[in-house]
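S.K.: With the sequence up front, the predicted model follows.
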There are 2 protein chains.
Amino acid sequence: MKLAEIYMQFQSDINIIEKELEETVQAKNDVLQEAATQLLRAGGKRIRPVFVLLAARFGQYDINNLKHIAVPLELIHMGSLVHDDVIDDAELRRGKKTIKSQWDNRVAMYTGDFIFGKALETSTFFANPQIHQILSNAMVEMCLGEIEQIKDQYNWGQNFRVYLRRIKRKTALLIAVSCELGALAANADRDIQRNLYQFGYNVGMSFQITDDVLDFVGTEEQLGKPAGGDLRQGNVTLPALYAMHYDTDIKQLIKEMLSTNYPEDIDVSPILEAIKNSGGIEYSISISDQYLEKANEALERLPDTKEKTYLREIAAYIGKRKF
Amino acid sequence: MKLAEIYMQFQSDINIIEKELEETVQAKNDVLQEAATQLLRAGGKRIRPVFVLLAARFGQYDINNLKHIAVPLELIHMGSLVHDDVIDDAELRRGKKTIKSQWDNRVAMYTGDFIFGKALETSTFFANPQIHQILSNAMVEMCLGEIEQIKDQYNWGQNFRVYLRRIKRKTALLIAVSCELGALAANADRDIQRNLYQFGYNVGMSFQITDDVLDFVGTEEQLGKPAGGDLRQGNVTLPALYAMHYDTDIKQLIKEMLSTNYPEDIDVSPILEAIKNSGGIEYSISISDQYLEKANEALERLPDTKEKTYLREIAAYIGKRKF
């Protein structure tokens, strides 16, 4: 079954979530309203809400409960994108102007704060403190991931472990808790919650590694921005780490080129080529595949249902996507 | 009884909260740890925690419960200061370097996010969803207040109502919910909670108006920064609103002086003088006094206890303070 068909199965519930998202970010303030709505309409795969819905099928599925956890998860994701764009000084996201570029950093900061606040307000629907603990802990960890990314920028000496911890915090954790909280909100067994968390964590790791690979090998058309963006911004990801680890010449080349005053203006294509030729891409794909395999192992421990098949399809898609 | 004596009555519990604050912002990340700890140690009156403790005396007082609400309230306040300093481009706060000046805007943004996240994590101690609703709603409203402050900057045509709504969101609401949540966490009667909210709201309004007056009449020594800072940054507060409303010459003067490209460099003392001579200071003080009176009316509806006397003392101090 293709991804589009899986989405179609849940179309009416995704629409409910979409409507709830729009209503949640309503604000009387024009700038805030416009910024938040623009962000919502920019789209995105709504992968976190979809994981919530799929996970909830392993318990008592009720969209009127679930929307109160799907919405905050998507909003936390969105809020973090807005703040990321401030950090990365990004002008475009998905081919559209970012909030910080259309307005300014100040508006972007408070739009993010507002969205985080609204996320938490929505989740107060649930009396179960465990849900709030998981959600607020995910927010804290995401901040730690972001602030470590700042710290590790242009740090060419970092190791693989540091990279993996950072992408766990930045990406994998929120996907993991989307799966976990879907099951928890539907009162699924604790074991099912745990396995879904494991599934989400491993899919999330694979997702981010694939993202980082695509930044090297994707075309400008596929990426919506030129390749090599991570490198230019000093974000050291797995392909570069591998290349530098096994080839000190490449390490030297990268250090020299990017130690100029305006690294964003330089032509990084020689570095991109060197990294592509180092085996770093293949290595990264193999690590991504290992995470996918672990995701599937976690799935195996779940009851055999059609949702389990869907989750396997989504995992395969995420690991293999080309854009 | 003097303010210091009231604090002394609660010293051991304030120490417990202080310790909990320090532990809550512990982070393995050096920058974050240092930034958050520096922020904590910079001090502050911890007025929100003190209100929590005093309010809780009207119910079943248990510091081991209360610290889980006092800490998030203080942290939300602190997080908002960090983000404010980004917006205001402030170099100093309480005579010390701000996070955005010691590190940069990016670190300040994520330190704020981290502190907000930790605040929410702490509050998950409580199973009562009402507590979470009140807390997250306060965060959302504070964001709205901040983003409106951006919108209203250099808007010399705004009216008194807009100003009052802004300071409610920016300041009064968090003080109101500190009082309310202290009572709620201690299971005080709903009526008591409501009156304490009313008390806190009115004290908070008086507090912010007094702050705004001091920015005109305080000395550099009292303020820790030169007078007229609000005006230079385009923050239109009550004394200026009054002066502009009743004297179109002053309005013209302000508009002309601050429409230059670098309003922060100009000498605002002629405007300060004009506003001081307009009666705007006296008017603002009278409005502040009206709020204080309403705060005391709310107190009257509470049972006669020594904490009621303390709250009255604190209110009087806040309304009359000179720095």
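M.R.: Okay, I see it. Numbering: from 1, shown residues only, chains lettered A, B, ... in the order given.
S.K.: C-alpha only now, for contacts and for neighbours.
M.R.: Fine.
S.K.: Any residues of chain A in contact with chain B? List them.
M.R.: A:29, A:32, A:83, A:86-87, A:106-107, A:109-111, A:113-114, A:117-118, A:120-121, A:124-130, A:132-133, A:136-137, A:139-140, A:143-144, A:146-148 (C-alpha under 8 Å from any C-alpha of the partner chain).
S.K.: so A:Asn202, which of the three states?
M.R.: helix (DSSP: H, G, I helix; E, B strand; the rest coil).
S.K.: How much space separates it from A:Asp289?
M.R.: Counting by C-alpha to C-alpha, to the nearest Å, the separation of A:Asn202 from A:Asp289 is 10 Å.
S.K.: Give the residues shared as contacts by those two.
M.R.: Counting by C-alpha atoms under 8 Å, 6 or more residues apart in numbering or on different chains, no residue touches both A:Asn202 and A:Asp289.
S.K.: Who has more neighbours out of those two?
M.R.: A:Asn202 (28 against 21; other C-alpha atoms under 10 Å in any protein chain shown).
S.K.: And the pLDDT at that one?
M.R.: We have a pLDDT of 97 for A:Asn202.
S.K.: which residue packs closest to A:Val217, ignoring adjacent ones?
M.R.: The spatially closest residue to A:Val217, leaving aside those adjacent along the chain, is A:Ala227, at 7.0 Å (C-alpha to C-alpha, 6 or more residues apart in numbering or on different chains).
S.K.: wait, what's in contact with that neighbour?
M.R.: Applying C-alpha under 8 Å, 6+ apart, the residues near A:Ala227 are A:Asp215, A:Phe216, A:Val217, A:Gly218, A:Thr219, A:Glu220.
S.K.: Can you flag the buried ones in those residues?
M.R.: Buried members of these, scored by 16 or more other C-alpha atoms under 10 Å in any protein chain shown, are A:Asp215, A:Phe216, A:Val217, A:Gly218.
S.K.: Keep only those of those residues that are in helices.
M.R.: Judged by DSSP state H, helices contain the following of these: A:Asp215, A:Phe216, A:Val217.
S.K.: Isn't the second one up against A:Pro226?
M.R.: Spelled out, that is A:Phe216. No: under the contact definition of C-alpha atoms under 8 Å, A:Phe216 does not touch A:Pro226, with a separation of 9.4 Å.
S.K.: next SSE after the host helix or strand of A:Met142?
M.R.: Using DSSP states H and E, A:Met142 falls within helix A:129-152. Later in the chain than helix A:129-152, the nearest helix or strand by DSSP H and E is helix A:160-167.
S.K.: Which positions in whatever helix or strand comes next after that next one come out as buried?
M.R.: Next in sequence after helix A:160-167, counting helices and strands by DSSP H and E, comes helix A:173-185. Counting neighbours by 16+ other C-alpha under 10 Å, one finds that the buried residues in helix A:173-185 are A:173-185.
S.K.: just to revisit the earlier point, of all the buried ones among the contacts of A:Ala227, which comes closest to chain B?
M.R.: A:Asp215 (23.1 Å; C-alpha to the nearest C-alpha).
S.K.: how about the closest one, what does it touch?
M.R.: A:Leu223, A:Ala227, A:Gly228, A:Gly229, A:Asp230 are the contacts of A:Asp215 under C-alpha under 8 Å, 6+ apart.
S.K.: hang on, isn't A:Ala316 packed against A:Leu292?
M.R.: Yes: the pair A:Ala316 and A:Leu292 passes the contact test of C-alpha under 8 Å, sitting 7.4 Å apart.
S.K.: more crowded one of those two?
M.R.: A direct count of neighbours by other C-alpha under 10 Å for A:Ala316 and A:Leu292 places A:Leu292 higher, at 27 against 19.
S.K.: ok, that one - contacts?
M.R.: Residues near A:Leu292 by C-alpha under 8 Å, 6+ apart: A:Asn202, A:Val203, A:Ser206, A:Ala315, A:Ala316, A:Gly319.
S.K.: if we go to 6 Å?
M.R.: Going by C-alpha atoms under 6 Å, 6 or more residues apart in numbering or on different chains, A:Leu292 touches A:Val203.
S.K.: and it, that one's in a strand?
M.R.: No: assessed with three-state DSSP, A:Leu292 is helix; it does not lie in a strand.
S.K.: Distance check, it against chain B.
M.R.: Distance of A:Leu292 to chain B, computed by C-alpha to the nearest C-alpha, to the nearest Å: 29 Å.
S.K.: next one: A:Glu74
M.R.: Using C-alpha to the nearest C-alpha, which is the criterion applied here, A:Glu74 is 16 Å from chain B.
S.K.: cool, and A:Lys19?
M.R.: 20 Å.
S.K.: Can you report how many residues lie near that residue?
M.R.: Neighbour tally, A:Lys19, other C-alpha under 10 Å: 13.
S.K.: so which helix or strand takes in it?
M.R.: Here A:Lys19 is assigned to helix A:11-24, by DSSP H and E.
S.K.: can you pull the contacts of the nearest residue to A:Gln193 once chain neighbours are set aside?
M.R.: The shortest distance from A:Gln193 to any non-neighbouring residue, by C-alpha to C-alpha, 6+ apart, is to A:Glu180 (4.9 Å). Residues near A:Glu180 by C-alpha under 6 Å, 6+ apart: A:Gln193, A:Leu196, A:Tyr197.
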